[in-house]
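Novice: What follows is a predicted structure for the sequence shown.
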Amino acid sequence: MLNRVITWSVHNQFLVLIFVVAIVGAGTYAFLNIPVDALPDVSDVQVIVYTRWPGQPPQIVEDQVTYPISTTMLAIANVKVVRAYSFFGYSFVYVIFKDGTDIYWARSRVLEYLSSLQGRMPPGVTPALGPDATPVGWVYEYALVDRTGNNDLAKLRTIQDWYLRYQLETVPGVAEVADLGGFVKQYQVNVDPNRLLAYDIPLGKVIRAVQRSNNDVGGRVVEYGEAEHMVEGIGYIETLNDLRNIPVGVDGHGTPILVDDIANVQYGPDMRRGLAELDNLGDVVVGIIEMRYFNNALDVINRVKAKLAQLKKTLPKGVEIVPVYDRSALIHRAQGTLRSKLIEESIIVALVCIVFLMHLRSALVAIVTLPLGILMAMTVMYFQGIVANIMSLGGIAIAIGAMIDGAIVMIENAHKHLERDHGKKPHWDIIIDSSKEVGPALFFSLLIIAAGFLPVFALTGQSGRMFKPLAFTKTYSMIGAALLSVTLVPVLMGYLIRGRIPPEMRNPLTRALVWAYRPVLRWALKLRWLVLALAAAVLVLTVLPYERLGSEFLPPLNEGDLLYMPSALPGLSAQKASELLQQTNRLIKSVPEVASVHGKAGRAFAIDERSLSAGALWPASLPLLIALTGLRSLAG
């Protein structure tokens, strides 16, 4: 069959060339549009269910929130494992699905099962899904800094929460913008227990009065001047005086008792669950960009940078946006290294062909198959959804040396036929005969090389997600080279291998290698049992170094960034964590090689997750923060 393919290709040269043009077009499109990242995403398909219940201890959260959610999630199809964690006021349930499960199908199933839990949740508690991003979706991070002192941390956090965050979430590919550091602005009512006792007012009555007073109400329609006018009662709290003037009861003389009579009303920060520090500047406000599933990390980062460049012009005077983490630098370095290695390998292969064949046009036949085979592999990668990263492009780099073998052997065989024929047969018949002689064997030899990575496809879990892209791209490259060897190579040989073909033994390098090789070959065939014994001994001796070799999941990767993660004692206060963070950063910054140091402690959240308990009453003599679910947090 392969002989018929070779004959058909030579007799239908125009169709073969059209096929090559299509390969170039599709490969170029795939090369320009394929998603790019530094490393493969080895994370599981997971959906995070996040629930907030302010003021409740971990055991209560575990019993009434985490346990019902986690047991319900176990019934979802394709669920592999459910992991749950309960904290003070928070619950996280990680629903991990089997490999290959569509993430959005998984999210819809989780939402479907969460709807059946609404009646079993405590009042005011509503579970929510985390962003549709992978655990490695953290692609960009920036800090808001004001070196002039015109804007404090509360103002910077307000800019981040109510301006930058909403603008950045409109960028295509951004799943979430999480906030960290600074102080979240609150309207706080610090109640004096002694005044409550004097007026005989329970604390619950104060809470209900504030809740009822932070509300708008609608009325009916009034017709006036041939037009309808909507009746609306405006009651949202906007200033501190609005809070101070809320009545909570009356005294014995019928005089209203206001919140201002029993409490101190002020602006204040919410309880901090996360903080950040940058380059010994003290606390800073940080925004973290999470990339959505199935997106091009490099494109998302570039779009975020362009958006931030626009937003910088609208920020208050003195406010700066300082990048603290940018994965695009690692992506560019990784891609640059692989690109340079691919170019170097291609140049070396081309030079070797030219040196040994001593015929430039013949060498071009072999050289042209390299980029075409790579473009064929890139096309399949694009449509399969494989991301161009270190592992996937590494498979192409591994295959380059073997991809050109078939073309070189066919070219050398064509040279031999042309030397022996001396123009007796038509030129194209000589090309067909020489190609048929070695073409089928070369085709299957390349397929055998491609089959060498088949065991990699049996890997599962993180190892499979890490190394399968390499196996795919190496296999696609070899298959592309095999197809080109029996279709395009005979056609190119017919066009380019013409004129005076120098005999093989006229090459001084070839003569030198043959002169050195023949005595060794004769000796090995004469003492074949000794050679086999030496080979077996070397094989046995390899056991000793093999047993002493270490093992790693990946080779060391010079990312350019170092991650230092110290552990602190449980229950460490936010103030102490800030002090330790600044001391540690100061020491690290003193190292001459360190350009910048950024540290964080605690958790980063989106503003939506705080909307359940944005306001607070803080009794002056009680350490407990009493959350109000009805009071809205105002940024103005």
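Specialist: Ah, there it is.

Novice: Can you name every helix or strand that the host helix or strand of E141 contacts?
Specialist: Using DSSP states H and E, E141 falls within strand 138-146. When contacts are defined as 3 or more CB pairs under 8 Å, 6 or more residues apart in numbering; DSSP states H and E, strand 138-146 sits against helix 153-159, strand 274-278, strand 285-291, helix 297-312, strand 319-326, helix 327-357. Every residue, glycine included, has its C-beta placed from N, CA and C.

Novice: Mean neighbour count and mean pLDDT added to the ones you listed, as JSON lines?
Specialist: Formatted as JSON lines, the helices and strands packed on strand 138-146 follow (neighbours: other CB atoms under 10 Å; pLDDT from 0 to 100):
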{"stretch": "helix 153-159", "mean neighbour count": "21", "mean pLDDT": "89"}
{"stretch": "strand 274-278", "mean neighbour count": "23", "mean pLDDT": "85"}
{"stretch": "strand 285-291", "mean neighbour count": "26", "mean pLDDT": "91"}
{"stretch": "helix 297-312", "mean neighbour count": "17", "mean pLDDT": "93"}
{"stretch": "strand 319-326", "mean neighbour count": "17", "mean pLDDT": "90"}
{"stretch": "helix 327-357", "mean neighbour count": "16", "mean pLDDT": "77"}
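
Novice: Relative to G385, which of those is closest?
Specialist: Nearest of the helices and strands packed on strand 138-146 to G385, taken as CB to CB: helix 297-312 at 14.0 Å.

Novice: Distance of L581 relative to L278?
Specialist: In this structure, L581 and L278 are 10 Å apart, going by CB to CB, to the nearest Å.

Novice: How about G461: what's its closest non-neighbour residue?
Specialist: If you skip the residues right next to it in sequence, G461 has D99 as its closest partner in space, 7.6 Å away by CB to CB, 6 or more residues apart in numbering.

Novice: which residues touch the one you found?
Specialist: Applying CB atoms under 8 Å, 6 or more residues apart in numbering, we find D99 in contact with D44, V45, T460, G461, G464, R465.

Novice: please redo it, this time with the cut-off set to 10 Å
Specialist: Residues near D99 by CB atoms under 10 Å, 6 or more residues apart in numbering: D44, V45, N78, K80, T460, G461, G464, R465.

Novice: The last one reaches I386, doesn't it?
Specialist: In this case it means R465. No - applying CB atoms under 10 Å, one finds R465 not in contact with I386, separated by 11.2 Å.

Novice: tell me, what's touching those two both at once?
Specialist: Contact criterion CB under 10 Å, 6+ apart; residues shared by R465 and I386: P40.

Novice: Who has more neighbours out of those two?
Specialist: Between R465 and I386, counting by other CB atoms under 10 Å, I386 is the more crowded of the two (23 against 17).

Novice: Am I right that the more buried one is in a helix?
Specialist: No - I386 sits outside any helix when classified using DSSP: H, G, I helix; E, B strand; the rest coil, being coil.

Novice: residues of stretch 221-237 that come out buried?
Specialist: Judged by neighbour count (16 or more other CB atoms under 10 Å), stretch 221-237 contains these buried residues: I237.

Novice: Check stretch 26-45 too.
Specialist: So for stretch 26-45, counting by 16+ other CB under 10 Å, buried means 26-27, 30, 34-42, 44-45.

Novice: gap between G385 and D251?
Specialist: 72 Å.

Novice: correction: K155
Specialist: Per CB to CB, K155 is found 40 Å from D251.

Novice: Can you list the low-confidence ranges for the stretch 401-550 of the chain?
Specialist: Where the stretch 401-550 of the chain drops to pLDDT under 70, the residues are 422-423, 499.

Novice: got a list of what S346 touches?
Specialist: Contacts of S346 by CB under 10 Å, 6+ apart are I367, L370, P371, I374, I400, I404.

Novice: Now flag whichever of these is closest to L530.
Specialist: Nearest to L530 among those: I404, at 34.9 Å, using CB to CB.

Novice: From what I see, the closest one and V352 are in contact.
Specialist: Yes - using CB under 10 Å, I404 is in contact with V352, at 9.0 Å.

Novice: Now do the shared contacts for those two.
Specialist: With CB under 10 Å, 6+ apart as the test, I404 and V352 both reach A366.

Novice: so the closest residue to I331 other than its chain neighbours, which of the three states?
Specialist: Nearest non-adjacent residue to I331, counting by CB to CB, 6+ apart: A38, 4.8 Å away. With three-state DSSP as the basis, A38 sits in coil.

Novice: Pick out the residue nearest the middle of the protein.
Specialist: G137 (3.8 Å; CA atoms, centre = their mean).

Novice: returning to what we had before: output the buried residues of stretch 26-45 as TSV; include the columns pLDDT and distance to W529.
Specialist: TSV is the format used below for the buried residues of stretch 26-45 (pLDDT from 0 to 100; distance: CB to CB, whole Å):
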residue	pLDDT	distance to W529
A26	92	54
G27	90	51
A30	90	53
I34	87	53
P35	85	56
V36	84	54
D37	83	53
A38	79	52
L39	79	49
P40	83	47
D41	82	53
V42	83	48
D44	87	54
V45	90	56
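
Novice: Among these, which one lies nearest to M230?
Specialist: Closest approach to M230 among the buried residues of stretch 26-45 (CB to CB): V45, at 48.7 Å.

Novice: list the contacts for the closest residue to that closest one other than its chain neighbours?
Specialist: Using CB to CB, 6+ apart and skipping the chain neighbours, the partner closest in space to V45 is F97 (4.4 Å). Going by CB under 10 Å, 6+ apart, F97 touches 44-47, 76-81, 103, 105-107, 109-110.

Novice: From these, list the buried ones, please.
Specialist: Buried members of the contacts of F97, scored by 16+ other CB under 10 Å, are D44, V45, Q46, V47, I76, V79, I103, A106, R107, R109, V110.

Novice: The third one reaches N78, doesn't it?
Specialist: So the one you mean is Q46. No - using CB under 10 Å, Q46 is not in contact with N78; the gap is 11.9 Å.

Novice: what about whichever strand or helix holds L197, average pLDDT?
Specialist: Assigning secondary structure by DSSP H and E places L197 in helix 193-199. Mean per-residue pLDDT for helix 193-199: 88.

Novice: is the nearest residue to the residue nearest to the centre of the chain once chain neighbours are set aside in a bridge, and if so with what?
Specialist: Spatial nearest neighbour of G137, excluding adjacent residues (CB to CB, 6+ apart): M291 at 4.3 Å. As for beta bridges, M291 partners with V174 under DSSP bridges.

Novice: dump the residue contacts of D429.
Specialist: Counting by CB under 10 Å, 6+ apart, D429 touches V10, H417, D421, G494.

Novice: Who wins on neighbours among those residues?
Specialist: The residue in the contacts of D429 with the most neighbours, by other CB under 10 Å, is G494 (21 neighbours).

Novice: I'd like to know how far the nearest residue to that residue once chain neighbours are set aside sits from G480.
Specialist: Counting by CB to CB, 6+ apart, I431 is the residue found nearest to G494 once chain neighbours are left out, at 4.5 Å. I431 sits 22 Å away from G480 when distances are taken as CB to CB.
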